[in-house]
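Asks: got a sequence here, can you build the structure:
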Amino acid sequence: RGAGAEAAGAAGEAAAGEAAALPSGGAATRRARASAPRVALFTGCASEFVYPEESRAAVRLLRAKGASVVYPGELGCCGLPAQASGWRRISREMAARNAGILDRVDADWIVSPCPSCASHLRNGYPRILDGDAVAGPKALAAAGRVADLAWLLKEVLGYGPDDFARDGERVAFHSSCHQCRGLGGGGAARELLRDAAEYVETSAEDLCCGFGGAYSLKFPETSAAIMERKLKSVEGAGVQALVAFCPGCVMQLRGGEDRRGKAVRVEHAAEFLAGRLRAGT
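Replies: Numbers count the residues shown, from 1 in each chain. Prediction:
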């Protein structure tokens with residue numbers, strides 16, 4: 001899968017909440033809580049080809065608390081862009097292929113540094129493959145193991161204030177649409193930020209950033225207007241950093257801040273948290 005795949009794979013080798021966020025796989029839940037969990041990393045296209053450092057940070061956070069991480073390198077795009085574009089046949093083919101691969105992966109949980117991918121695996125695949133006698137059951141089984149990354153870090157691995165070296169930096173949070181609405185992980189994400197830094201709530205925290213995948217390309221003026229409202233809210237809060245758990249949102253907001261010439265740093269939350277791990281964690 002090219003240099004991005006090599007970087008993400010190397011990350012795995014080198015470093016290797018809310019009720020809605022809890023998968024329904026009871027056996028996996030019991031096993032994960034009884035011993036060090038085994039976690040499969042679905043990197044997603046953006047965190048593999050554009051921002052592999054996000055995947056490396058996620059792996060570091062998982063392994064720092066005892067989880068073992070597996071990287072099924074043969075996985076492809078989750079298929080959400082194809083689904084959203086109306087390419088239903090291609091979307092089903094991609095979903096069936098990934099569901100088959102995940103069905104063979106020995107892991108308690110499946111997480112992704114991209115909540116759009118994770119939400120599609122968990123909520124989209126069972127719907128898309130409903131009625132498929134072969135792929136449908138595999139999609140349901142995989143969906144039962146998909147967890148929001150922030151929820152897993154907080155509720156399963158037990159991250160807390162003692163795991164981070166706080167430096168007084170004030171940070172705002174962007175609640176990515178698929179994380180808070182598709183996975184229910186917004187509460188865990190906020191708790192992690194309170195543990196690691198001076199978390200500052202902003203008025204537009206739950207507002208979409210305007211990215212929306214291809215939406216920002218098809219409707220750039222509307223996308224930019226939505227982003228401007230978000231950034232003005234953040235800049236008025238007196239924070240040094242803005243973090244999100246979504247690489248697409250990071251791309252959108254970081255680009256907006258760069259164009260505005262502002263001083264607020266935009267970072268993926270996994271990188272932000274991994275950079276503040278206390279020595280020995």
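
Asks: contacts for the helix or strand hosting residue 190?
Replies: Per DSSP states H and E: residue 190 is located in helix 186-196. Residues outside helix 186-196 that contact it (Cβ atoms under 8 Å, 6 or more residues apart in numbering): 17-18, 21, 148, 150-151, 153-155, 159-161, 163-164, 166, 171, 173, 175, 179-180, 199, 206, 243, 245, 269, 272-273, 276. From N, CA and C alone the C-beta is placed, and that goes for glycine too.

Asks: return the subset of those residues lying in helices.
Replies: When these are checked against helices (DSSP state H), the matches are 150-151, 269, 272-273.

Asks: how many neighbours does residue 198 have?
Replies: Neighbour count of residue 198, defined by other Cβ atoms under 10 Å: 14.

Asks: looking at the sheet around it, what are its partners?
Replies: On the basis of DSSP bridges, residue 198 is bridged to residue 170.

Asks: return the residues in contact with it.
Replies: Contact analysis of residue 198 by Cβ under 8 Å, 6+ apart lists 166, 168-171.

Asks: swap in residue 273?
Replies: Contacts of residue 273 were listed using Cβ under 8 Å, 6+ apart, and they are 57, 61, 153, 159, 164, 192, 196.

Asks: and which of those is nearest to residue 114?
Replies: Nearest to residue 114 out of these is residue 57 (Cβ to Cβ; 12.9 Å).

Asks: now for the ones in helices among the contacts of helix 186-196, which pair is the farthest apart?
Replies: Maximum distance among the ones in helices among the contacts of helix 186-196 (Cβ to Cβ): 16.8 Å, for 151 and 272.

Asks: who's more crowded, those two?
Replies: Higher neighbour count among residue 151 and residue 272: residue 151, with 28 against 24, using other Cβ under 10 Å.

Asks: re the thing from before, can I get the contacts of residue 198 in JSON lines with pLDDT and neighbour count?
Replies: Compiled in JSON lines, the contacts of residue 198 are given as follows (pLDDT from 0 to 100; neighbours: other Cβ atoms under 10 Å):
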{"residue": "166", "pLDDT": "92", "neighbour count": "12"}
{"residue": "168", "pLDDT": "90", "neighbour count": "7"}
{"residue": "169", "pLDDT": "95", "neighbour count": "14"}
{"residue": "170", "pLDDT": "97", "neighbour count": "13"}
{"residue": "171", "pLDDT": "97", "neighbour count": "24"}
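
Asks: now, which of the residues you listed sits nearest residue 227?
Replies: Closest to residue 227, out of all of those and judged by Cβ to Cβ, is residue 171, at 18.7 Å.

Asks: quick check, the closest one in contact with residue 237.
Replies: No. In this structure, residue 171 is not within contact of residue 237 by Cβ atoms under 8 Å, at 9.7 Å.

Asks: coming back round to it: filter the contacts of helix 186-196 to the buried ones?
Replies: Buried residues within the contacts of helix 186-196, counting neighbours by 16 or more other Cβ atoms under 10 Å: 17-18, 21, 148, 150-151, 153-155, 159, 163-164, 171, 173, 175, 179-180, 199, 243, 245, 269, 272-273, 276.

Asks: so which elements touch the helix or strand containing residue 93?
Replies: Element membership for residue 93, per DSSP H and E: helix 88-103. Secondary-structure packing of helix 88-103 (3 or more Cβ pairs under 8 Å, 6 or more residues apart in numbering; DSSP states H and E): helix 80-84, helix 125-128, helix 135-143.

Asks: pull out the buried positions in the longest one.
Replies: Read it as helix 135-143. Buried residues in helix 135-143, counted by 16+ other Cβ under 10 Å: 135-136, 138-140, 142-143.

Asks: okay if I get these as a markdown table plus distance to residue 186?
Replies: As requested, these are exported to a markdown table (distance: Cβ to Cβ, whole Å):
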| residue | distance to residue 186 |
| --- | --- |
| 135 | 31 |
| 136 | 30 |
| 138 | 29 |
| 139 | 25 |
| 140 | 25 |
| 142 | 23 |
| 143 | 20 |
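
Asks: let me have those residues in CSV, extended by pLDDT and distance to residue 87.
Replies: Shown next, in CSV, are these (pLDDT from 0 to 100; distance: Cβ to Cβ, whole Å):
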residue, pLDDT, distance to residue 87
135, 97, 17
136, 97, 20
138, 97, 21
139, 97, 18
140, 97, 23
142, 97, 21
143, 96, 21
